[in-house]
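>>> What follows is a predicted protein model with its sequence.
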Amino acid sequence: MSAPPLRCRGLEVAIGGKLVCAALDLDVAAGACWAILGLNGSGKTTLLHVLAGLRRPTAGTVEVAGRPVRDWPGKALARTRGLLAQDTSDPFPLTVLEAALAGRYPHQSGWARDSAQDLAAAREALARVGLLELQGRDCATLSGGERRRVAAAALLAQQPALYFLDEPTNHLDPHHQIALLDLLAQERHRGAAVVMTLHDLNLAARYAGHVLLLFGDGECARGPADAMLTEESLSRLYGHPMRMGEVGGGRCFLPA
């Protein structure tokens, strides 16, 4: 049996003297979607960066595809896992196509030019996010939502087996929020795993099969979404009474 895309054992993460999680064991299976929920400042981004291998944990281990994340060569790891940060910026002028092609860098060798395969992957990704017709535009001329979709296209062009996304719906209107998360669902159907931080509980209920709750003091809870997304647990998590209802056969959550 192949190793799961992501496995943690005894994971402890801290930042600025504040404990994010302790003794966390986590297995993310192929095709799974995990949502990380918590208050602002609870450490969601920090934990996501530890899981992605961008930051060392205080204690414990993180494995990607059965191999300690710290042992992966940089480019090889980038071919296996991809990250969409909370906010993205381009320090140099780039066209939309050039920005999407950045996702192909892990698949290139040395200073090789973009291949026909790279261009096809980037254009396909732009088409999937509805921006192919803007491929020649300067990214500086785009709206915040369009720039977010370009960043998502670069991630899709990267074609990782493990997706990490930090507030992926930032800057997106409801239509494009659903469109992006539907694209990630398609990637999961192809066997990729998804781990994302979210603030929108209703999107978590709609898309995540598993949820990790960060309570901000090192305590965390994890499990199937149905067990984690309850009025009691979410009211405790956010320090505000939450109410659950049903719309169209699905659950929805609102602050009381």
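That came through fine.

>>> Not counting residues beside it along the chain, what's closest to the residue most central in space within the chain?
Centroid check for the chain by CA atoms, centre = their mean gives Leu165 as the closest residue, at 1.7 Å. Nearest non-adjacent residue to Leu165, counting by CB to CB, 6 or more residues apart in numbering: Met196, 4.0 Å away. (C-beta placed from N, C-alpha, C; glycine too.)

>>> go on, Glu63?
Of all residues not flanking Glu63 in the chain, Arg7 sits nearest, at 4.4 Å (CB to CB, 6+ apart).

>>> Ala154 too?
Using CB to CB, 6+ apart and skipping the chain neighbours, the partner closest in space to Ala154 is Gly103 (3.7 Å).

>>> The one you found reaches Ala151, doesn't it?
No. Using CB atoms under 8 Å, Gly103 makes no contact with Ala151, being 9.1 Å away.

>>> Report the separation between Leu51 and Gln186.
Distance check for Leu51 against Gln186: by CB to CB, to the nearest Å, it reads 22 Å.

>>> Among the two, which residue is more densely surrounded?
Applying other CB atoms under 10 Å to Leu51 and Gln186 shows that Leu51 carries more neighbours, namely 27 against 12.

>>> Gly17 - how many residues pack around it?
5.

>>> What is the neighbour count of the nearest residue to Leu142 once chain neighbours are set aside?
Nearest residue to Leu142, sequence neighbours excluded (CB to CB, 6+ apart): Val150, at 6.8 Å. Number of residues near Val150 (other CB under 10 Å) recorded here: 29.

>>> For Ala30, grab phi and psi.
phi -60, psi 130 (degrees, to the nearest 10).

>>> ok, back up a step: what confidence value was assigned to the residue nearest to Leu142?
At Val150, the predicted lDDT confidence score is 97.

>>> Figure out the helix or strand that it lives in.
Val150 is part of helix 144-158 when elements are defined by DSSP states H and E.

>>> so whatever helix or strand comes next after that helix versus helix 144-158, what angle?
Using DSSP H and E, the helix or strand that follows helix 144-158 in sequence is strand 162-166. Strand 162-166 and helix 144-158 are oriented at 160 degrees to each other (axes from the mean of the first three to the mean of the last three CA atoms, to 10 degrees).
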